[in-house]
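> Pasted the sequence and its predicted model underneath.
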Amino acid sequence: MQDIKTFFRLIRLHQWLKNLLLLIPLLASHQLTQSLLWKEVG
């Protein structure tokens with residue numbers, strides 16, 4: 001059980017969820033190729 005906890009801590013799952021929340025609006029608006037929007041998100 002400790003190995004699973006360590007694994008999830010090492011892959012920083014909470015960071016992936018945060019980044020996904022930033023990506024969803026770009027996906028929904030079909031504007032993934034707009035470089036100016038990426039600069040605003042990043």
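Received the coordinates, thanks.

> Okay, and the residue positioned nearest the centre of the chain sits in which element?
Geometric centre of the chain, nearest residue: Asn19, 2.0 Å, by CA atoms, centre = their mean. Following DSSP states H and E, one finds Asn19 within helix 13-28.

> how close does Arg12 sit to Lys18?
Distance, Arg12 to Lys18, using CB to CB, to the nearest Å: 9 Å. C-beta here means a position set from N, CA and C on the backbone, and glycine is covered the same way.

> starting at the chain centroid, how far to stretch 17-32?
8 Å (CA atoms, centre = their mean, to the nearest Å).

> my bad, should have said stretch 4-21
Chain-centre distance of stretch 4-21: 10 Å, with CA atoms, centre = their mean.

> List the contacts of that stretch.
The contact list for stretch 4-21, computed with CB atoms under 8 Å, 6 or more residues apart in numbering, is empty.

> buried residues in that stretch?
Buried residues in stretch 4-21, counting neighbours by 16 or more other CB atoms under 10 Å, are absent.

> Quick one: low-confidence residue ranges for this protein.
When residues are selected by pLDDT under 70, those of the chain lie in 32, 34-42.

> His30: helix or strand, and which one exactly?
Using DSSP H and E, His30 sits within no helix or strand.
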